[in-house]
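Colleague: generate a structure from the sequence data that follows.
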Amino acid sequence: MTDANEQAPYPGFDITTPSIARTYDYLIGGKDNFAVDRAFGDRFINELPGSPVIATDNRAVLVRAVDQIVRTTPIRQFIDLGSGLPTANNVHQVAQRFAPETKVVYVDNDPIVLAHGRALLAENDNTKVIQADLRDPQSVFKDQAVQSLIDFEKPVGVIFSAVLHHVNDDEDPAGIVSFWSDRIASGSHVFVSHFRSQNDPRSQELEQVLQGSLGRGRWRTDDQILALFGDTFTVLEPGLVAAAEWRNDEEPDDLTDYQQLIAAVLAVKN
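Modeller: Here you go, the predicted structure:
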């Protein structure tokens with residue numbers, strides 16, 4: 001589905017296929033999306049009423065995680081893998097409010113993320129955005145912006161916010177986490193939020209919508225999500241829990257079925 005009045009931002013840009021980043025932007029109230037993304041997002045809104053809370057819960061837990069990392073640890077550098085489009089309370093904004101010297105690299109494979117990110121960060125020397133695919137961690141690691149901004153001899157915050165469930169099993173999500181584990185210093189923190197399967201009809205409905213439109217996506221059980229960390233991390237309290245509950249000072253009301261489907265966890269490298 002396309003809108004005849006919409007124009008691609010530059011030649012060759014595809015506005016006929018939904019983008020995960022742009023659909024997420026639409027669901028949390030952003031404006032950097034196209035008709036095809038809104039149509040995909042509307043499937044969640046209309047076919048699965050109540051499901052967009054997953055997007056807002058995920059953004060809120062990311063903000064809490066970054067805030068707590070920067071306030072309670074010496075970490076002053078982050079890599080946000082699969083960052084999506086800039087919105088309010090991005091990683092650099094949350095961290096730099098407390099520690100202005102914090103350095104952040106955003107990584108996403110959507111070209112519109114690169115364009116908008118660079119415009120947003122034009123005057124922020126401590127923050128960069130690169131276009132790369134998190135499934136090719138070697139290319140991310142070797143990128144000039146990553147190497148110039150991130151000191152891997154010091155602890156790093158690595159963010160996988162709602163992205164590893166878009167990595168199929170045959171693309172080795174555990175291997176992606178392991179790649180970064182091998183390159184970050186002891187004391188580094190890794191944050192993961194992930195769709196989780198509870199083997200019920202509700203989660204299966206959501207998985208079918210995602211698979212049908214994007215052709216990818218993998219719900220994982222709690223044990224499968226925790227296994228992504230391997231043996232080199234210690235999972236911090238409260239463990240893997242619903243995103244709305246993770247270190248939330250404002251205790252949420254009884255969670256909806258949808259809110260149970262997005263979980264969050266923070267771990268420290270031993």
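Colleague: surely Ala95 touches Val104?
Modeller: Yes - with contact defined as Cβ atoms under 8 Å, Ala95 and Val104 form a contacting pair (6.6 Å). For the C-beta atoms, the positions are set from N, CA and C on the backbone; glycine is no exception.
Colleague: which neighbours do those two have in common?
Modeller: Phe78 (Cβ atoms under 8 Å, 6 or more residues apart in numbering).
Colleague: which is the next helix or strand following the helix or strand bottoming out on mean pLDDT in the chain?
Modeller: When each helix and strand of the chain is scored by mean pLDDT, DSSP states H and E, helix 201-214 comes last, with a mean of 70. Proceeding N to C from helix 201-214, the next assigned helix or strand is helix 222-227, under DSSP states H and E.
Colleague: next helix or strand past that next one?
Modeller: Using DSSP H and E, the first helix or strand after helix 222-227 is strand 233-235.
Colleague: now stretch 225-234: average pLDDT?
Modeller: If you average the pLDDT over stretch 225-234, you get 96.
Colleague: what about the stretch 1-150 of the chain, any weak spots by pLDDT?
Modeller: Scanning the stretch 1-150 of the chain for pLDDT under 70 picks out 1-13, 85-88, 120, 122.
Colleague: show me where it has its helices.
Modeller: For the stretch 1-150 of the chain, applying DSSP state H, counting those that start in this stretch gives helices covering 20-27, 35-47, 53-72, 91-98, 111-120, 137-142, 144-149.
Colleague: distance to Ala242 and mean neighbour count added to those helices, as CSV?
Modeller: Shown next, in CSV, are the helices of the stretch 1-150 of the chain (distance: least, Cβ to Cβ, whole Å; neighbours: other Cβ atoms under 10 Å):
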stretch, distance to Ala242, mean neighbour count
helix 20-27, 18, 24
helix 35-47, 18, 18
helix 53-72, 8, 20
helix 91-98, 21, 20
helix 111-120, 27, 18
helix 137-142, 28, 15
helix 144-149, 32, 14
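Colleague: just send those back as JSON lines, with distance to Ile184 too.
Modeller: Shown next, in JSON lines, are those (distance: least, Cβ to Cβ, whole Å):
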{"stretch": "helix 20-27", "distance to Ile184": "25"}
{"stretch": "helix 35-47", "distance to Ile184": "33"}
{"stretch": "helix 53-72", "distance to Ile184": "13"}
{"stretch": "helix 91-98", "distance to Ile184": "16"}
{"stretch": "helix 111-120", "distance to Ile184": "23"}
{"stretch": "helix 137-142", "distance to Ile184": "10"}
{"stretch": "helix 144-149", "distance to Ile184": "12"}
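Colleague: how near is the nearest residue to Arg71 once chain neighbours are set aside to His92?
Modeller: Once flanking residues are discounted, Arg71 sits nearest to Phe98: 5.7 Å by Cβ to Cβ, 6 or more residues apart in numbering. Separation of Phe98 from His92 (Cβ to Cβ, to the nearest Å): 11 Å.
Colleague: perfect, I'm done here.
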